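Chemist: Take this sequence and fold it.
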Amino acid sequence: MKELIRKILLTVDNPAIAVSDGQLDQLNEFALNLLRYGRERGLTALQSPEDIARELIVDSLGAMPFIKSGSRIADLGSGAGIPGIPLAIVNPECSFIMIESQNRKAKWIEEQIIHLNLQTRAHALPMRIEDAAHNPNWRGKLDFITAKALTSLPSLIELALPLLKVGGCLLAYKAVKIQEELDISENALEKLHGRAEDCFLYNLDGRERNVCVIKKLKTTSKNYPRRVGVPQHNPL
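Modeler: Numbering: from 1, shown residues only. Modelled structure (predicted):
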């Protein structure tokens with residue numbers, strides 16, 4: 001698995017997405033645990049080493065070019081710890097919280113954090129995103145938010161921007177047709193005081209991927225996010 005991760009990393013067409021030998025060892029350990037237990041524990045439907053290495057490990061590193069040393073970061077709907085755990089491995093000067101409402105998944109994340117010796121800078125938060133976003137411990141306190149395959153961009157903007165500091169950024173992992181999602185996000189961007197700053201297109205093992213960067217410009221109204229479930233089922 002280690003050599004497979006290394007091989008796929010070499011296909012990425014951006015030098016900012018790179019890892020040290022020690023980080024590669026940790027990524028390998030995490031990938032092996034996903035391969036052994038991911039399906040059994042209901043964490044991922046992916047079963048092949050190639051898919052896990054590409055989709056869950058290397059693709060998680062797509063936000064690396066934007067994350068600054070010393071940042072506080074939340075990974076929303078982290079699931080199996082994707083992309084939060086790989087990003088925590090390769091950003092040792094940052095602190096991470098993995099927000100995951102399902103207790104069994106949050107337990108897995110915490111197990112992996114301990115196994116990979118990340119516990120001084122990474123934690124699982126078993127809470128609904130909407131609740132975390134109204135909690136004074138987290139609201140307006142974070143530098144970056146990451147989210148991969150969680151929900152549509154308008155919904156994600158409503159969930160993420162309340163957690164960010166003014167000037168902080170949402171790093172949304174999205175499909176290649178990102179312009180379609182940006183077009184339907186204008187209302188959410190206006191109401192949440194966000195602006196699309198960049199869309200980072202990169203090539204991963206012959207596949208095109210995007211990280212969309214949404215910057216928070218002003219303090220978010222206390223009305224957002226709306227109650228649990230509403231942002232996903234009735235996007236702005």
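
Chemist: Quick check: pLDDT value at Val176.
Modeler: pLDDT for Val176: 67.

Chemist: Let me fix that, I meant to ask about Asp198.
Modeler: In this prediction, Asp198 has a pLDDT value of 86.

Chemist: Three-state assignment for it, please.
Modeler: strand (DSSP: H, G, I helix; E, B strand; the rest coil).

Chemist: Look up the residues forming beta bridges with it.
Modeler: Val213 (DSSP bridges).

Chemist: Just to check, it is in contact with Val213?
Modeler: Yes: with contact defined as Cβ atoms under 8 Å, Asp198 reaches Val213; the gap is 4.2 Å. C-beta: built from backbone N, CA, C; applies to glycine.

Chemist: how distant is the helix or strand hosting Trp108 from the center of its chain?
Modeler: For Trp108, the element it lies in under DSSP states H and E is helix 103-115. Here the centre of helix 103-115 is set off from its chain's centre by 16 Å, with Cα atoms, centre = their mean, to the nearest Å.

Chemist: sorry, back to before: any common contacting residues for Asp198 and Val213?
Modeler: Phe66 (Cβ atoms under 8 Å, 6 or more residues apart in numbering).

Chemist: quick one, which of these two is more surrounded?
Modeler: Val213 (19 against 15; other Cβ atoms under 10 Å).

Chemist: who's in contact with Cys169?
Modeler: 66, 143-145, 197, 213-216.

Chemist: Could you rerun that using 10 Å?
Modeler: Contact analysis of Cys169 by Cβ atoms under 10 Å, 6 or more residues apart in numbering lists 63, 66-68, 71, 142-146, 160-161, 194-195, 197-198, 212-216.

Chemist: And Ala188, by the same measure?
Modeler: 152-158, 161, 194, 214, 224, 231, 235-236.

Chemist: My read is that Phe96 contacts Ala88, right?
Modeler: Yes: when contacts are counted by Cβ atoms under 10 Å, Phe96 is listed as touching Ala88 (4.5 Å).

Chemist: joint contacts of those two?
Modeler: Residues touching both Phe96 and Ala88 (Cβ under 10 Å, 6+ apart): 73, 75, 81, 113, 118, 121-123.

Chemist: can you redo those as a markdown table with pLDDT, secondary structure and neighbour count?
Modeler: Formatted as a markdown table, the shared contacts of Phe96 and Ala88 follow (pLDDT from 0 to 100; DSSP: H, G, I helix; E, B strand; the rest coil; neighbours: other Cβ atoms under 10 Å):
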| residue | pLDDT | secondary structure | neighbour count |
| --- | --- | --- | --- |
| Ile73 | 98 | strand | 25 |
| Asp75 | 98 | strand | 32 |
| Gly81 | 97 | coil | 32 |
| Ile113 | 98 | helix | 22 |
| Leu118 | 98 | coil | 20 |
| Arg121 | 96 | coil | 15 |
| Ala122 | 98 | strand | 27 |
| His123 | 97 | strand | 17 |
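
Chemist: Before I go, just wanted to say thanks for your time.
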